[in-house]
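Engineer: What would the 3D arrangement of this be:
(chains A and B)
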Protein chains: 2
Amino acid sequence: MKFNYSDNIINFKEGTVIISGGGPGNIKLVTIKTILALKSADVIIYDSLINKSLLKYCKKKVKLIFAGKTSTNRACSQEDINEWLVKYAKMNKKVLRLKGGDVSFFSRGSQEINFLKKNKIKFKVFTGITSAQAALKENNKKEVDTKLCLNLITGHKQIKNFSRKIDYNYLVNTGGKILVYMGISQIENIKNNLIKNGMKKNTKISIITNATLENQVIYNTKLKDVTDFVNDNEVKPPSIIIIN
Amino acid sequence: MKFNYSDNIINFKEGTVIISGGGPGNIKLVTIKTILALKSADVIIYDSLINKSLLKYCKKKVKLIFAGKTSTNRACSQEDINEWLVKYAKMNKKVLRLKGGDVSFFSRGSQEINFLKKNKIKFKVFTGITSAQAALKENNKKEVDTKLCLNLITGHKQIKNFSRKIDYNYLVNTGGKILVYMGISQIENIKNNLIKNGMKKNTKISIITNATLENQVIYNTKLKDVTDFVNDNEVKPPSIIIIN
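Structural biologist: Below you'll find the model as predicted:
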């Protein structure tokens, strides 16, 4: 049976925003919901981490806006993105905000949602596969033992410093796997904090770069060596770091 | 542009097993990969938590095997499932093991993978949206503040007792959100352990039942009241509990 899109209505109304998680990169790891939103949107504001091939599902007359922000380069500010979302919704467009991974896990989705609420713009959030899941899966090929606690943290140094401090002491002592989003540029800091709080220097570290894409690389090293390893191998974002 | 399935090959070979996460329930929250696997499989062994509507994408001549296990009822044992996977792969079938949510997060996926490895059966794992993401998203509609640490735990009382103990002391003290999978039947135990380890009795609890489905319910209560609340409202699995 063919997938019948007419059976599958996502109710994307003019003047509304859909914030959608575009998944970890592999085009086949997007959800049907996201494909449907892509097919219907008038304006698409997309991040650098999404797979650009997804954009082939757009309408011909779509307005595409690149809103990429990487650790070294910013095409626009978060304020720009917020303003665009509201501007095009007020022009009665169907606005799709297409983000990498999932919206709920360490994305700026919450800031965008708050801004939309403040401006009384209707919105929906579509869940996507988060890169941590993809990384965990790749890693599981070798190591399938499931621990009872999984800690997800972000290593991202936020531009505005409203972030809470990570309590490394407790993190070390939970004993569960630690998955770090956006941690490459801060790896020395993370390493030092983990060791200072008692994590064993020989703890196994895996780093999954470009998870699920053809250029995916899985690196394996130890906590004490991780900074040198990242420098020597020129490990770049986007990467997920799996500790223990 | 229509989604072109011929562009999207998943390389599902005879005599192999694909273990796929069928997502949290909503049929539009499955990935393209899972749809492609469904369309190609000769044998599908599916869990009770998957959306049965997904099965309409199967081939006409598919063999469907229900492998549901709920907290009160078991159609088969984990050993049965393991044996079926190997049996049909050895018969040179394309075997799809379709699970709810994601394979990497607190599923028995690892046991099945180990058994397949032992029997030298080739397999692939396809990531799906985990129910925790969907629950978090539903919850975020009201509460979008992102914390820097997210703890995922399982409340499931495992049939074989090889599970590690959850360290509630550390869990309470990480300060991050705690998401509990399969915790309804153990809610009293979880509550007592959290309070004993210093969690405030008025801590906010949300319970999302049947996340993403039409019969989704979001309950809100407080830690101290949660057992009575679950009993009074007859809250049933599948539910994700969000603490704090």
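Engineer: touching chain B at all, stretch A:35-51?
Structural biologist: Yes. Counting by Cβ under 8 Å from any Cβ of the partner chain, contacts between stretch A:35-51 and chain B involve A:35, A:36, A:39. Using the backbone N, CA and C atoms, a C-beta is placed for each residue, glycine as well.
Engineer: between those, which is closest to chain B?
Structural biologist: residue A:35 (6.1 Å; Cβ to the nearest Cβ).
Engineer: gap between that closest one and residue A:56?
Structural biologist: Distance of residue A:35 to residue A:56, given as Cβ to Cβ, to the nearest Å: 11 Å.
Engineer: more neighbours, the two?
Structural biologist: residue A:35 (22 against 12; other Cβ atoms under 10 Å in any protein chain shown).
Engineer: Among the residues of stretch A:35-51 next to chain B, name the ones in helices.
Structural biologist: Residues of those located in helices (DSSP state H): A:35, A:36, A:39.
Engineer: Looks like the last one contacts residue A:56 (just checking).
Structural biologist: No. With contacts counted by Cβ atoms under 8 Å, residue A:39 stays clear of residue A:56, the gap being 10.5 Å.
Engineer: could you point out which element follows the particular helix or strand that has residue A:79 in it?
Structural biologist: Taking DSSP states H and E as the criterion, residue A:79 maps to helix A:78-90. Later in the chain than helix A:78-90, the nearest helix or strand by DSSP H and E is strand A:95-99.
Engineer: List the neighbouring strands of that following strand plus their orientation.
Structural biologist: Paired neighbours of strand A:95-99 in the sheet (DSSP bridges): strand A:17-21 (parallel), strand A:43-46 (parallel).
Engineer: How many residues are close by the nearest residue to residue A:89 once chain neighbours are set aside?
Structural biologist: Computed as Cβ to Cβ, 6 or more residues apart in numbering or on different chains, the closest residue to residue A:89 that is not its neighbour in sequence is residue A:121, at 4.5 Å. Applying other Cβ under 10 Å, we find 18 residues neighbouring residue A:121.
Engineer: Quickly note the distance from residue A:121 to chain B.
Structural biologist: To chain B, residue A:121 is 14 Å away according to Cβ to the nearest Cβ, to the nearest Å.
Engineer: Now do the buried residues in the helix holding residue A:79.
Structural biologist: A:78, A:81, A:82, A:84, A:85, A:86, A:88, A:89 (16 or more other Cβ atoms under 10 Å in any protein chain shown).
Engineer: Also stretch A:184-200?
Structural biologist: A:184, A:186, A:187, A:190, A:191, A:193, A:194, A:195, A:199.
Engineer: On the three-state scheme, the second one is what?
Structural biologist: Pointing back at residue A:186 there. helix (DSSP: H, G, I helix; E, B strand; the rest coil).
Engineer: I'd like to check which residues are in contact with the closest residue to it other than its chain neighbours.
Structural biologist: Once flanking residues are discounted, residue A:186 sits nearest to residue A:155: 4.4 Å by Cβ to Cβ, 6+ apart. Contacts for residue A:155 (Cβ atoms under 8 Å, 6 or more residues apart in numbering or on different chains) come out as A:180, A:181, A:182, A:183, A:184, A:185, A:186, A:187, A:189, A:190, A:241.
Engineer: Is it correct that the last one is in contact with residue A:205?
Structural biologist: Same thing as residue A:241. Yes. Counting by Cβ under 8 Å, residue A:205 is a contact partner of residue A:241 at 6.5 Å.
Engineer: between those two, which one's more packed in?
Structural biologist: More crowded of residue A:241 and residue A:205, by other Cβ under 10 Å: residue A:241, with 28 against 23.
Engineer: Doesn't the more buried one belong to a strand?
Structural biologist: Yes. Counting by three-state DSSP, residue A:241 falls inside a strand.
Engineer: if I look at it, how far off is residue A:193?
Structural biologist: 13 Å.
Engineer: how is chain A carved up into domains?
Structural biologist: A:5-126, A:131-243 (automatic domain parsing).
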